[in-house]
Structure formats: C-alpha cells, structure tokens
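K.L.:
Okay, sequence plus prediction incoming.
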Amino acid sequence: MADKSESFAVKAAMKTPPRWMIPWISRTHVALYKLTAGRIGANLAGKPGILVRSIGAKSGQAHTVCLPYIPDAGDRILVASYGGGPTNPAWYYNLKANSAVVIRDRGSVVWCEASVVNPDEYLELWPKVVADSPWYGEYEKRTTRQIPLIRLRETGRYTG
C-alpha cells in the first residue's frame, strides 16, 4: 500500500502547474497553513512542509513560502527546483541575500541560518534527495541548471 501512495505522490509532484498559477497556489497554501497551524498544508507530496519567512533580496520586504524539506543531521534541506524550470525560484535569491530566516514547522517557530550547500556536500546530498523524493530527478532532466540545495540550520526557537 505504501508503494501506491508513494507512486501517487511522485506522479502528483511531477505535474507542475502552469507558472502563472504558482503565486496564487503559494499564497493560498501559506494562508491555509497559518490558519490551521500546519494541520492543512504541512504535507507536500508526502513530505514534511514548513513555512519559510525571509527578506526579499530586492524589495527588502518579508516573504513567506511553504516548502517541502528533507531532514538531514538535524537540519532541513530545501530544494530550489522550481519544478525543473529554467531559473531558480525567487525564495532562493532571498535566502542567498539574507540568510537569517524564520520557519514555522507546524506549531513551532524556529530561527535558522540558510546556506547553499558547497559542491562536495552537494555531490553527497543530491543522490539522497532524489532517493527520498524521486520527482527531483525528473525536474533535473527538465532543466539545464544545477538545482541548488539549501541547508537550514536551527539557531533558536520561540518558546513563548
């Protein structure tokens, strides 16, 4: 039975919506996640999802996106796939420009430092990412760019 749900999740994840729909879907997803404290929206194609709040690289304004992550040694790995599109997603540039981020992982609020993984670490991590979430391998085939991996390392927690 797990194979069927995994297969369904992979097929669903590979059906990337048209680019013009992505901002609307993202805003709706973030709103549902916030409204339900992650009861709705924290599962993205069978993977855990978090809200990532960062400062815009160009605008200087706060932006929040809901992203799946892959756990790795106590950190969270984000995949800047943009569905295999030709460019990196905007949130990737935001994290590169302003590495201090706040995430919401269901009911927890966590401060993190974001960093693009180095080339050696990338060679080690990418096969694990594709083994964990096979659609990223399909996305890789759709693009000529190397899909960046971002490590979120926890620096503090809100305990109020």
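P.N.:
Cool, the structure landed.

K.L.:
Just give me the residue closest to the centre of the chain.
P.N.:
Leu67 (3.2 Å; CA atoms, centre = their mean).

K.L.:
helix, strand or coil for that residue?
P.N.:
With DSSP: H, G, I helix; E, B strand; the rest coil as the basis, Leu67 sits in strand.

K.L.:
Beta-bridge partners for it, please?
P.N.:
Under the criterion DSSP bridges, Leu67 forms beta bridges with Ile50.

K.L.:
wait, what's in contact with it?
P.N.:
By CB atoms under 8 Å, 6 or more residues apart in numbering, Leu67 lies in contact with Leu44, Gly49, Ile50, Val52, Leu78, Trp91. The way it works is simple: take the backbone N, C-alpha and C, and place the C-beta from them, glycine included.

K.L.:
again, but for Pro86
P.N.:
Thr143, Thr144, Arg145.

K.L.:
Wasn't it part of a helix?
P.N.:
No: read with three-state DSSP, Pro86 is coil and lies in no helix.

K.L.:
From Thr144, how far off is it?
P.N.:
Remark: distance between Pro86 and Thr144 (CB to CB, to the nearest Å) = 7 Å.

K.L.:
Quick check on the contacts of Pro86: which are buried?
P.N.:
For the contacts of Pro86, a burial check counting by 16 or more other CB atoms under 10 Å picks out Thr143.
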